[in-house]
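S.K.: Sharing a model that was predicted from the sequence below.
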Amino acid sequence: MTENETIQMSMRFPAAAKPVSRFFYWVTALLVLILDWVSKWVVVHTMRPMQSIQLIGDYVEFTFLRNSGAAFSLLANSHVSWRLFFIGIAIVTIIVLSVLAYREKQAGIIFLLPLGLICGGAAGNMWDRITVGTVVDFIEVGIKAHRFPVFNIADSAVCIGVSWLILVNFRKSSEMSKAE
């Protein structure tokens, strides 16, 4: 094979991420999905809807809710069914993140772990929407009347993953501007 043919082959088949890094992406996504599913199963089988159990005083409670909206109950009281839209968004998210995890040449754990968190969270809530029609939310935090909307492990994983990516990109941007 000539050098020109090798270059043409590499252009058609871009280098994939390091196999070990991709392993962490998939393991993270799968762990989030399993933790989310198991926690929701426990809540559904041990609590009544709207029941609250105090864990740490009034600061952290388990409150069993069924959410027909987006993360943190956004659009839950809408008259429109957003279920298919949210399932579609989750499918696109999972596909895009998986392609990114596979194709990113220099991807390391710092980049792929947050992608796995987001993928697992999207899959967890998508599973609920497909199988039950609503998402089980149960983690409630706050102080007295100042409460954060009830959420679940999938929502947490997505928020942590997105925040992590923002911080990594912010750090890279600041390092690049210092280098110039």
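M.R.: Alright, I've got the coordinates.
S.K.: contacting residues for the most centrally placed residue in the chain?
M.R.: For the chain, residue 118 is the residue whose C-alpha lies nearest the centre (C-alpha atoms, centre = their mean; 2.5 Å). Applying C-beta atoms under 8 Å, 6 or more residues apart in numbering to residue 118 gives the contacts 93, 97, 157, 158, 161, 162, 165. To be clear about C-beta, it is placed using only N, CA and C from the backbone, and glycine gets the same treatment.
S.K.: Show me the shaky parts of this structure.
M.R.: Applying pLDDT under 70 to the chain flags the ranges 1-21, 69-80, 105-107, 173-180.
S.K.: Let's see that with 80 instead.
M.R.: In the predicted model of the chain, residues 1-21, 68-83, 104-108, 171-180 satisfy pLDDT under 80.
S.K.: Let me see the ranges of the helices in it.
M.R.: For the chain, the helices defined by DSSP state H cover 3-12, 19-46, 83-103, 109-131, 153-179.
S.K.: looking at those helices, which is closest to residue 137?
M.R.: Across these, the minimum distance to residue 137, taken as C-beta to C-beta, is reached by helix 153-179, at 7.5 Å.
S.K.: Report the spatially closest residue to residue 61, excluding sequence-adjacent ones.
M.R.: Excluding the flanking residues, the one nearest residue 61 by C-beta to C-beta, 6 or more residues apart in numbering is residue 140, at 4.6 Å.
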